[in-house]
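Q: test case, fold it:
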Amino acid sequence: MSGRRWGVAALAVGALSASLAVVPANADAETKGHHGFSKTRTVGYFIQWGVYGRDFRVKNLVDSGAAARLTHLNYAFGFLDESGKCVSADPWADWQMPYTAEQSVSGKADEPGQVLMGNLNQLKQLKARYPKLKVNISLGGWTGSRYFSNAALTPESRAAHVKSCTDMWIKGNLPGLPEGAAKGVFDGIDLDWEWPGSNGNMEPPNVVRPEDKRNFTKLLAEYRRQMGWNRDLTAFLPADPKQVDAGFEVAKVFTYLTFGTLQGYDYHGAWDPEANQQSALRVPKGDPAQFEFSSEVTVNAWLRRGAPRSKAVLGVPFYGRGWTGVAPGKRHGLFGTGTPAPATYEAGYEDFKVIKTKLADKKFKIHRDERAGFAWIYDGTTWWTYDDATEMKRKARFINDNRLGGAMIWSLDGDTADGELVKALAKALK
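A: Numbers count the residues shown, from 1 in each chain. Sure thing, here's the model as predicted:
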């Protein structure tokens, strides 16, 4: 998936010094969200590059009804340079692109010479319309995590990294603009280091060190030291238990995090020869894969290692994975071998809104594994697995039943124009 991450199956393979940070006694308490203490979090990622080919803008979150149903919006992504300091991945999309009245949340066009434009100005307008919505800058991602290890390596590098990121994104000091031009756009920071202690993206490869595991915890402590405890500090966390063990001191990490989002998708995909689930709640019977992946496996891995239920937020996908050349077999193509299905942006990957249109072709039939909790469509040769409104409700029940901290969406642009998935998910969450 462009700019984000590949599947977990493709990647399966001491106390802190008191000087780092002082953890308040109530650090594990629930943080008050968009709808108060009793409402489960609904976190959605808005992708920076969606304004191009997808023509998906912040205003779409208003038009679809998504913005009114979110507690948190993560803007993806800010990058790091080789020294570990924060930089923009795309200044044009972030703060330079002018918006017409029709494209704008406020209904007013950007004016010539306006200091702040682009996505950040639209996020500012969104916050004015939904003042309880928290908007966080997400740092890293699949293609932007190369230098996190450098940032976390020493006390000096950690301090410099956090200062650069808070100056740029929280204080709003953007390159080439007046001081504080983007102040107030972002409420907190979401770290998407993929992954401490183990490789994520390999082209080019990430910097990986054995000490990443303890340094990730120290990096969080430095964020709290500089940023305080009144702002969100969250992290995107892997599904693979092996990556959890390689990169995270789980109990310590969660003392610093407001919450952590657990990867609830990409369990299987185009990197596998067999057509298989990519976001099932439980491992389906007869799964031929070498490693067993499911949301249940992921959640249990984090909880058993010390993650508090109330801070464990389960990721859900607004996209699907597909194969073609798949023979029917006994289960409507499930576990049949094939190659990545042709798609809009990336072979084997398609937004929910596009997959849904395939059902208009009467050759495609929908199938569900009610026990494992996932769906797929199949026309006798092409096979797509994805989450529709029925599966979103099932995910919400799983979150409710396990008393988890909420749901996280990757990514909001995959939904239909009327917000079919986000509405089903948010309505079913308690």
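
Q: separation between residue 279 and residue 391?
A: Here the criterion is C-beta to C-beta, to the nearest Å. By it, residue 279 lies 8 Å from residue 391. From N, CA and C alone the C-beta is placed, and that goes for glycine too.

Q: now for residue 108, how many residues are close by?
A: Counted by other C-beta atoms under 10 Å, the residues lying close to residue 108 total 11.

Q: my read: it touches residue 101, true?
A: Yes - if you go by C-beta atoms under 8 Å, residue 108 and residue 101 touch, sitting 5.8 Å apart.

Q: would you map the helices across the chain?
A: Counting by DSSP state H, the segments of the chain that form helices are 58-64, 91, 118-129, 148-152, 155-165, 212-227, 241-247, 250-256, 295-304, 352-358, 389-401, 420-428.

Q: quick one, which of these is packed in tightest?
A: Looking across those with neighbours counted as mean count of other C-beta atoms under 10 Å, the highest average goes to helix 148-152: a mean of 25.

Q: now that one: average pLDDT?
A: Per-residue pLDDT values over helix 148-152 give a mean of 98.

Q: same question, stretch 348-363
A: Averaged across stretch 348-363, the pLDDT comes to 97.

Q: stretch 323-340 too?
A: Predicted confidence along stretch 323-340 averages 97 (mean pLDDT).

Q: what's the answer for stretch 247-263, then?
A: This predicted structure assigns stretch 247-263 an average pLDDT of 98.

Q: ditto for stretch 183-193
A: 98.

Q: and that stretch, how far out from the chain's middle?
A: When distances are taken as C-alpha atoms, centre = their mean, to the nearest Å, stretch 183-193 is centred 13 Å away from the chain's centroid.

Q: do the same with stretch 40-47
A: On the basis of C-alpha atoms, centre = their mean, stretch 40-47 sits 8 Å off its chain's mean C-alpha point.

Q: what's the answer for stretch 186-202, then?
A: For stretch 186-202, the separation from the chain centroid amounts to 10 Å (computed by C-alpha atoms, centre = their mean).

Q: same for the longest strand along the chain, what does it pack against?
A: With DSSP state E applied, the strand covering the greatest number of residues in the chain is identified as strand 72-80. Using 3 or more C-beta pairs under 8 Å, 6 or more residues apart in numbering; DSSP states H and E as the contact test, the elements touching strand 72-80 are strand 41-47, strand 86-88, helix 118-129, strand 134-140, helix 148-152, strand 188-192.

Q: contacts only, for residue 351.
A: Taking C-beta atoms under 8 Å, 6 or more residues apart in numbering as the contact definition, residue 351 lies against 318-319, 344, 413-414.

Q: out of these, which end up buried?
A: 318-319, 413-414 (16 or more other C-beta atoms under 10 Å).

Q: which ones among these are found in strands?
A: In strands, judged by DSSP E, the following of those are found: residue 319.
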